[in-house]
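Asks: sequence? don't have it. structure:
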């Protein structure tokens, strides 16, 4: 009996295909990453779009997630499905964007508010 290749699919995720592509990425084949990008880009933008206020932000975050995934490819656990890992990266990037939206921005050239030197609240007299 010969070895039989088994392709495990989760939703539209093809684990066997992704595993082969990730191995090729690790060997330096950028075209393999391009294939992962082509397969998952639209889906990842939709995922980000459910969390972010507009499509432009969703596209930017999806792009950032792919960049982070490329840079971390050597740390990816090859026996795990690729898309859920990529989706987690994107979810973290969405959280970063939402946090920045909610955080008041401070001008880098503006002076910090004065601090009390007594440690207590200052009183006007």
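Replies: Structure received. Fair warning: this is a prediction, and the values are worked out from it, not measured in the lab.
Asks: what's the neighbour count on residue 57?
Replies: Counted with other Cβ atoms under 10 Å, residues neighbouring residue 57 total 17. Placement of C-beta: from N, CA and C, glycine included.
Asks: Is it part of a helix or strand, or is it coil?
Replies: helix (DSSP: H, G, I helix; E, B strand; the rest coil).
Asks: From residue 36, how far off is the nearest residue in space to residue 65 that is not next to it in sequence?
Replies: Leaving aside its chain neighbours, residue 65 sits nearest to residue 90 (3.7 Å; criterion: Cβ to Cβ, 6 or more residues apart in numbering). Separation of residue 90 from residue 36 (Cβ to Cβ, to the nearest Å): 13 Å.
Asks: Can you pick out the residue with more neighbours from these two?
Replies: Per other Cβ under 10 Å, whichever of residue 90 and residue 36 has more neighbours is residue 90, with 25 against 22.
Asks: need the contact list for the more buried one.
Replies: By Cβ atoms under 8 Å, 6 or more residues apart in numbering, residue 90 lies in contact with 44, 47, 48, 61, 62, 65.
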